[in-house]
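Asks: Output the structure for:
(chains A and B)
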Amino acid sequence: MAYTNKSNWELIKNGMFSENTIFRMAISLCPSIAVTNSLKNGFFMGVSVIFVQTMVNLTVSLIRNFINPKIRIPIFMMIIAGYVSHIDMSMAAFARPVYKQIGLYIQLIVAFASIFARAEVFAVKNKIIPSIADGLGMGIGFFLAMMIISFFRELLGRGALWGIPIVSGNPLLIMILPAGGFFAVGLLMGFFNWVDAKIAERKAAQETTEKQAA
Amino acid sequence: MTFLIDKLTGENIMDFDKLFQLVIAASLINNFVFTRFLGLCIFFGVSKKMETAVGMSITFTAVMVVSAALSWVVFKYIMLPLDITFLKIIVFIGIIAAFVQSADTIMKKVSPSLYYKLGIYLALITTNCIILAVPLINSGENYTFLESMAFGVGSGLGFALALIIMASIREKLELADIPAPFKGMPISFIIAGLIALAFTGFSGLITL
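Replies: Model prediction:
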């Protein structure tokens, strides 16, 4: 079994930036558009995913030596479904107004490719602490993406944040329409690609100057 | 057959208008991809080529209708009487996974050529949100048996429509001159946004 040799902090950072679920891997996209029309919805969705991702990684890592590889897929699905039911019911009880809007998408965390993929790729091969770190990192990465998207969409589409009006005047209604979600994610993704390219360019330039200096 | 379904569901099969409306509503007005934003991973993942898009649509619609029917029966005759509806997420995903796995095995045995064409899509389907969303919505809205079948068909057709439109655009897109950071995924999102804008035109077509 190949244990990872990265430190926990590196694992968390990996999930947050270099393997960010939405902007880098482009998986688990459904909620990134569906629930990001207000900051509050995005926040609750993000928190639920952090919880599910971490707990699934923890559980899978705990029982990794007892899982028969042939039936691992149904086992993972059951573990994920268990935690999702948990968060679904807690949310229905304690955060009723938000749940009415995003309840369906909370239930559909079960079908998240990213959660399944981390269990399959990481947690089943690694010890408990790194698995928790990895799950936490992935969850936080997703959370950040949700916050960024919903920040822009609510600010531009409603002129408000967390339901509190900030900008007066006519908001860009399109941003909270379905189409706006696609635009927001597409533009942000393009922007991050651009930033990435710039950073890589600068690094390359720095390396060449260092080489010349040496 | 008609009598059997009547008996099974205790409803009038001739209520065709309602079913037709459901199909139209599920496929155009509440299109899963463009207004409910489900199944986006697969939508963006397999829409690069027309051929894969068509294969995926066929497999998808078939699995969706059958799993809608299966989970309706389980929900109505097992889960409601036992009062275990809070387990519906676990049960539905179990039903779908089991059905997909058995379809995979049966298809491999009965029709290898079909399996060769569509088998790879089957594996992808288990972890797809639309397939799970259909039974969840069906049970939430208390649809009858035929209504949930109609909803499944409509959703499948809607997804197929979205996938085929997207695939035909993306095939042309290969030749377009796009700014470097937007190549690939980002431009697909923006195109999907434009199509979604067009699909908002369907809202208010019929009222259920």
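Asks: Tell me if I'm right that B:S168 and B:M50 touch.
Replies: Yes. B:S168 is within contact range of B:M50, at 6.3 Å (criterion: CB atoms under 8 Å). Yep, even glycine has a C-beta here, placed from its N, CA and C like the rest.
Asks: how close does B:I178 get to A:N193?
Replies: Distance, B:I178 to A:N193, using CB to CB, to the nearest Å: 11 Å.
Asks: Likewise for A:L11?
Replies: Per CB to CB, A:L11 is found 24 Å from A:N193.
Asks: Those two: who's more crowded?
Replies: A:L11 (23 against 20; other CB atoms under 10 Å in any protein chain shown).
Asks: wait, that one sits on A:G137?
Replies: Yes. Assessed by CB under 8 Å, A:L11 is found in contact with A:G137 at 5.5 Å.
Asks: Name the residues that touch stretch A:50-68?
Replies: With CB atoms under 8 Å, 6 or more residues apart in numbering or on different chains as the test, stretch A:50-68 has contacts from A:75-76, A:79-80, A:83-84, A:87, A:109, A:112, A:114-115, A:118-119, A:122-128, A:131-132, A:134-136, A:138-140, A:142-143.
Asks: filter those by proximity to chain B?
Replies: Within the set of the contacts of stretch A:50-68, contact with chain B (CB under 8 Å from any CB of the partner chain) is found for A:V84, A:F112.
Asks: Drop anything exposed from the contacts of stretch A:50-68.
Replies: Neighbour counting with 16 or more other CB atoms under 10 Å in any protein chain shown marks A:75-76, A:79-80, A:83-84, A:87, A:109, A:112, A:114-115, A:118-119, A:122-126, A:131-132, A:134-136, A:138-140, A:142-143 as buried within the contacts of stretch A:50-68.
Asks: from those, which ones fall inside helices?
Replies: If you go by DSSP state H, the buried ones among the contacts of stretch A:50-68 have A:75-76, A:79-80, A:83-84, A:87, A:114-115, A:118-119, A:131-132, A:134-136, A:138-140, A:142-143 in helices.
Asks: In stretch B:131-151, which residues are buried?
Replies: B:131-139, B:143-151.
Asks: returning to that earlier point: overlap in contacts, B:I178 and A:N193.
Replies: With CB under 8 Å, 6+ apart, B:I178 and A:N193 have no common neighbours.
Asks: Please give the element, helix or strand, for the residue nearest the centre of chain B.
Replies: In chain B, the centroid-proximal residue (CA atoms, centre = their mean) is B:G156; its distance is 3.8 Å. For B:G156, the enclosing helix or strand under DSSP states H and E is helix B:145-173.
Asks: which of the residues in whichever helix or strand comes after that helix are buried?
Replies: Going down the chain from helix B:145-173, the next helix or strand is helix B:185-199, by DSSP H and E. Going by neighbour count (16+ other CB under 10 Å), the buried part of helix B:185-199 is B:185-193, B:195-197, B:199.
Asks: can helix B:185-199 be found next to chain A?
Replies: Yes. Helix B:185-199 is in contact with chain A by CB under 8 Å from any CB, via B:M185, B:P186, B:I187, B:S188, B:F189, B:I190, B:A192, B:G193, B:L194, B:A196, B:L197, B:F199.
Asks: Convert the C-alpha atoms of that helix to CSV, please.
Replies: Taking C-alpha atoms only, helix B:185-199 is exported to CSV below (Å, rounded to 0.1, in the frame of the first residue of the first chain):
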residue,chain,number,x,y,z
MET,B,185,-14.2,23.9,-20.0
PRO,B,186,-14.8,27.7,-19.5
ILE,B,187,-16.1,28.3,-23.0
SER,B,188,-18.4,25.3,-22.7
PHE,B,189,-19.9,26.9,-19.6
ILE,B,190,-20.5,30.1,-21.4
ILE,B,191,-22.1,28.3,-24.3
ALA,B,192,-24.3,26.3,-21.9
GLY,B,193,-25.3,29.7,-20.4
LEU,B,194,-26.4,30.9,-23.8
ILE,B,195,-28.4,27.8,-24.4
ALA,B,196,-29.9,28.1,-20.9
LEU,B,197,-31.0,31.6,-21.8
ALA,B,198,-32.8,30.2,-24.8
PHE,B,199,-34.4,27.6,-22.7
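Asks: Mind giving me the packing neighbours of it?
Replies: Counting contacts by 3 or more CB pairs under 8 Å, 6 or more residues apart in numbering or on different chains; DSSP states H and E, helix B:185-199 packs against helix A:178-213, helix B:40-45, helix B:145-173.
Asks: Would you reformat the ones you listed as a markdown table and include distance to A:P69 and mean pLDDT?
Replies: Putting these into a markdown table (distance: least, CB to CB, whole Å; pLDDT from 0 to 100) gives the following:
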| stretch | distance to A:P69 | mean pLDDT |
| --- | --- | --- |
| helix A:178-213 | 35 | 84 |
| helix B:40-45 | 24 | 78 |
| helix B:145-173 | 32 | 88 |
